[in-house]
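Student: Need a 3D model of the following:
(4 chains)
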2 protein chains.
Amino acid sequence: MSIQTQTLSKGEQTRERIMDIAQEAVLHKGFASTSIDEIICEAGITKSGFFYHFRDKNDLAKALLQRYTDNEWKVFDQLFTQADELSEDPLHAFLIFLKLFADLMGDLPNGHPGCLIASYVYQDFLFSREVRDMTTEGHRIWRQRFRDRLDQIVARYPPRVEVNLDDMADMLSAVADGGIILSKSLHDPSLLPRQIMQYRSYVKLVFLGN
Amino acid sequence: MSIQTQTLSKGEQTRERIMDIAQEAVLHKGFASTSIDEIICEAGITKSGFFYHFRDKNDLAKALLQRYTDNEWKVFDQLFTQADELSEDPLHAFLIFLKLFADLMGDLPNGHPGCLIASYVYQDFLFSREVRDMTTEGHRIWRQRFRDRLDQIVARYPPRVEVNLDDMADMLSAVADGGIILSKSLHDPSLLPRQIMQYRSYVKLVFLGN
DNA sequence: AGAGTACAGTACTAGCGGTACAGTTTTAGA
DNA sequence: TCTAAAACTGTACCGCTAGTACTGTACTCT
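Tutor: This is a model prediction of the structure:
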């Protein structure tokens, strides 16, 4: 995942290791039942070491979410850049992006580990207002990013049916979040990429009619 | 929610009350951090009362999930029956069903409280194998039910684009699950029904072309 | 009127989440 | 090489929680 491991200081490496371990546990058991004892045991440090890096457990929650959203942002940015290099047309670039996105999700060896934001939304009472607002903001940013693309598309391709572009942007987030849940529940890693491709065919139908 | 309150015995009423309180807490804090003490306090009973109704906490988890899936099944059954009464045509009946479904989700006063199955999937390590299998089975049943409808549709309406009917059936679950998450996160109860209506317009595009 | 149902009361335990703080080693820069 | 900050370790403690065990009692239905 992280690209610049060697440039991290020892402390930063430990911090990252703690967060890696914590994130996996959170996605399987929820935040509350992810014990600090368990994290430090797996990380090979002591409780004091943990609290050196994080003020308390909520601080860990916040750091995890921040890192997760930052990373998602980078990934999407990269995919969009890659797609833009392959086509100047906004619709085709978006369709390429969706294919790249689906492929990326399909290439995860054990399937998608789970969306941390979705996990947080189902445990919102555990977190501070600040953390809860971060999940809202994360979804708002995704909407805006996808919406920007759709705005460019409608300028050239009049939609075949009446659509609300915010809803259409949100649908990608919804299909992804829902696809992750179904993928996990049904133990089928290929379900998520197939759902993304289905959203792609919806986009094609709306703007191209086929 | 429940229709036959007056026919329940006193014990069954208490059991239901425990489960109502527990379910709401679980959807906001996760299962692990929903304490028995908190449940009995709100229900106005003692610990003995709780353990009279449930062997242990996992038994509560199982009962909650069972009741939830049973109820979902009844609701969908009712909506399908209602839709079938309004149209003999499989496609139009399905489109009516989706409209009814969206309306029902939009009429919830405080928005959808959350999908218990999705919540469980993000905490799967907390539960016994039996409970985990129940979430898988729940999703499989939904797929089968929606798939049955789609099978009837394709017999009369050749799809305009190549589609996998299992994927298309799953997409409704995905859009619903994802829509619930987005609705909660963005504090917009109308988001979920709008996403369902968008799935509806995908279905229309695929089978009708408009 | 008797028997099961549906709890209440009380008391206990083992274990965990989380906090606090003092002490020690490691690392990096001057 | 010295030093100061960084990166921890060690230990002790508290409150809460799940769960057990048992006795007692009010209600309810036949």
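
Student: for chain A, which spans come out with low pLDDT?
Tutor: Scanning chain A for pLDDT under 70 picks out A:1-11.

Student: change it to 50
Tutor: Residue ranges of chain A with pLDDT under 50: A:1-6.

Student: Just want the most central residue of it.
Tutor: Centrality entry for chain A: nearest residue to the mean C-alpha point is A:Glu72, 4.8 Å, by CA atoms, centre = their mean.

Student: so what's the backbone phi/psi at that residue?
Tutor: phi -60, psi -40 (degrees, to the nearest 10).

Student: burial count for A:Leu95?
Tutor: Here the number of neighbours of A:Leu95 (other CB atoms under 10 Å in any protein chain shown) works out to 20. No exception for glycine: its C-beta is placed from N, CA and C like everyone else's.

Student: continuing past the host helix or strand of A:Glu16, what's the next helix or strand?
Tutor: Assigned by DSSP states H and E, A:Glu16 falls within helix A:10-29. Next helix or strand after helix A:10-29 toward the C-terminus (DSSP H and E): helix A:36-43.

Student: ok, back up a step: tell me the buried residues in the helix holding A:Glu16?
Tutor: Under the neighbour-count criterion of 16 or more other CB atoms under 10 Å in any protein chain shown, helix A:10-29 has A:14-23, A:25-29 buried.

Student: Relative to B:Leu100, which of those residues is nearest.
Tutor: Distance to B:Leu100 across the buried residues of helix A:10-29 (CB to CB) is lowest for A:Leu27, with 34.5 Å.

Student: now the closest one: how far from DNA strand C?
Tutor: Relative to DNA strand C, A:Leu27 is positioned 16 Å away (CB to the nearest atom of the strand, to the nearest Å).

Student: near chain B at all, stretch A:194-209?
Tutor: Yes - against chain B, stretch A:194-209 shows contacts by CB under 8 Å from any CB of the partner chain at A:194-195, A:198, A:201-202, A:204-206, A:209.

Student: Those into TSV, with extra columns for secondary structure and distance to B:Thr34?
Tutor: What follows is the residues of stretch A:194-209 next to chain B, written out as TSV (DSSP: H, G, I helix; E, B strand; the rest coil; distance: CB to CB, whole Å):
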residue	secondary structure	distance to B:Thr34
A:Arg194	helix	34
A:Gln195	helix	31
A:Gln198	helix	35
A:Ser201	helix	40
A:Tyr202	helix	38
A:Lys204	helix	44
A:Leu205	helix	43
A:Val206	helix	42
A:Gly209	coil	49
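
Student: who wins for neighbours among these?
Tutor: A:Gln195 leads these on contacts (other CB under 10 Å) with 28 neighbours.

Student: Apart from its neighbours in sequence, what residue is nearest it?
Tutor: A:Gly179 (3.7 Å; CB to CB, 6 or more residues apart in numbering or on different chains).

Student: Run a quick neighbour tally on that neighbour.
Tutor: The burial count for A:Gly179: 30, using other CB under 10 Å.

Student: helix/strand/coil for the closest residue to A:Phe127 other than its chain neighbours?
Tutor: Closest residue in space to A:Phe127, ignoring its immediate chain neighbours: A:Ala61 at 5.6 Å, by CB to CB, 6+ apart. Secondary structure assignment for A:Ala61 (DSSP: H, G, I helix; E, B strand; the rest coil): helix.

Student: quick one: contacts for A:Ala61?
Tutor: A:31, A:120, A:126-127, A:131 (CB atoms under 8 Å, 6 or more residues apart in numbering or on different chains).

Student: what do you get if the cut-off is 10 Å, keeping everything else the same?
Tutor: Neighbour list for A:Ala61: A:22, A:26, A:31, A:34, A:54, A:116, A:120, A:123, A:126-128, A:130-131, A:134 [criterion: CB atoms under 10 Å, 6 or more residues apart in numbering or on different chains].

Student: Which members of those are the farthest-apart pair?
Tutor: Using CB to CB, the two most remote members of the contacts of A:Ala61 are A:Thr34 and A:Glu130, lying 19.4 Å apart.

Student: residue boundaries of the helices in chain A?
Tutor: A:10-29, A:36-43, A:47-53, A:57-86, A:90-106, A:116-121, A:129-156, A:165-186, A:191-207 (DSSP state H).

Student: quick one, the last one and helix A:129-156 angle?
Tutor: Right, the one you point to is helix A:191-207. Helix A:191-207 and helix A:129-156 meet at an angle of 40 degrees, taking axes from the mean of the first three to the mean of the last three CA atoms, to 10 degrees as the criterion.

Student: cool, the fourth one as well?
Tutor: Interaxial angle, helix A:57-86 versus helix A:129-156 (the same axes, to 10 degrees): 10 degrees.

Student: the inter-axis angle of helix A:57-86 versus helix A:36-43?
Tutor: Relative orientation of helix A:57-86 with respect to helix A:36-43: 50 degrees, computed using the same axes, to 10 degrees.

Student: Just list the residues touching the residue of chain A found nearest DNA strand C, thanks.
Tutor: Nearest residue of chain A to DNA strand C, counting by CB to the nearest atom of the strand: A:Ser35, 2.3 Å away. The neighbours of A:Ser35, taking CB under 10 Å, 6+ apart as the test, are A:25, A:29, A:41, A:57.

Student: A:Tyr157 too?
Tutor: Listed by CB under 10 Å, 6+ apart, the contact set of A:Tyr157 reads A:89-91, A:203, A:206-209.

Student: Roughly how far does it sit from A:Ser33?
Tutor: A:Tyr157 is 48 Å from A:Ser33, where distance means CB to CB, to the nearest Å.

Student: what's the answer for A:Gly179, then?
Tutor: Computed as CB to CB, the A:Gly179 to A:Ser33 distance reads 25 Å.

Student: Please apply the same query to A:Leu65.
Tutor: Applying CB to CB, the value for A:Leu65 to A:Ser33 is 18 Å.

Student: Now the two most distant members of the contacts of A:Ser35.
Tutor: Going by CB to CB, the pair spanning the contacts of A:Ser35 furthest: A:Cys41 and A:Lys57, at 15.9 Å.

Student: Which positions in chain A make contact with DNA strand C?
Tutor: A:9-10, A:32-33, A:35-38, A:47-48, A:51, A:56-57 (CB under 7 Å from any atom of the strand).
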